[in-house]
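Novice: predicted model and sequence follow; I will ask about them next.
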Amino acid sequence: MTVVAEILRAKPDATVHTIAPDATVLQALRTMAEKQIGALLVVQGARIEGILTERDYARKIALMGRTSADTPVSEVMTRSVMFVHPNQSSEECMQLMTDKRLRHLPVLDGEQLIGMISIGDLVADIISEQKFIIEQMTHYIGGGVR
């Protein structure tokens, strides 16, 4: 069973991209496009204020008739941020993401932000685990002969 700390170690870039609450949504969108990510943590100093996702943009800017250039992130971010800890299992994370319909989970070690995992990270981990199991079963069934 994989834990979050292992998933973070396997990521090629574990940088957590953030934005200030007073930045515009347009600035946030530019950052997400440049970094090829779907969410930014909204932070003020070391404090997590919320999270801004592509879903927030679609539902709270585009559908509400707002403009991304004039709307501060703080007006449309999701304030209630779910998070996980490094010792939690990938299964626990997948269950939380499924139950709460989330795609991104910040990882906190105590009070310190140490990373962010996405649904894509969890899927990649599951695929890797299944591939390993299949290889082991194939080796076992074949009697070690290839």
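Specialist: Looks like it came in fine. Residues are numbered from 1 along each chain as shown.

Novice: which residues does residue 125 contact?
Specialist: 2, 6-7, 10, 90 (Cβ atoms under 8 Å, 6 or more residues apart in numbering). Yep, even glycine has a C-beta here, placed from its N, CA and C like the rest.

Novice: got CSV for those residues, with secondary structure too?
Specialist: Output for the contacts of residue 125, formatted as CSV (DSSP: H, G, I helix; E, B strand; the rest coil):
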residue, secondary structure
2, coil
6, helix
7, helix
10, helix
90, helix
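
Novice: mark which of the residues you listed are buried, thanks.
Specialist: 2, 7, 90 (16 or more other Cβ atoms under 10 Å).

Novice: quick revisit: just name the closest of the contacts of residue 125 to residue 21, please.
Specialist: Checking these against residue 21 with Cβ to Cβ, the nearest one is residue 7 at 27.9 Å.

Novice: surely the closest one is in contact with residue 119?
Specialist: No. Between residue 7 and residue 119 there is no contact under Cβ atoms under 8 Å: 11.6 Å.

Novice: and the residue nearest to residue 102 when sequence neighbours are not counted, how many neighbours?
Specialist: Distances taken as Cβ to Cβ, 6 or more residues apart in numbering place residue 82 nearest to residue 102, at 6.0 Å, with adjacent residues excluded. Neighbour count of residue 82, defined by other Cβ atoms under 10 Å: 15.

Novice: cool, and residue 71?
Specialist: Using other Cβ under 10 Å, the number of residues around residue 71 comes to 18.

Novice: so what's it up against?
Specialist: Residue 71 is in contact with 24-25, 61, counting by Cβ under 8 Å, 6+ apart.

Novice: low-confidence ranges in this structure?
Specialist: Where the chain drops to pLDDT under 70, the residues are 144-146.

Novice: so which residues of it form strands?
Specialist: Assigned by DSSP state E, the strands in the chain fall at 18-19, 39-44, 47-53, 104-109, 112-118.

Novice: the first one: how far from the chain's middle?
Specialist: A distance of 13 Å separates the centroid of the chain from that of strand 18-19, by Cα atoms, centre = their mean, to the nearest Å.
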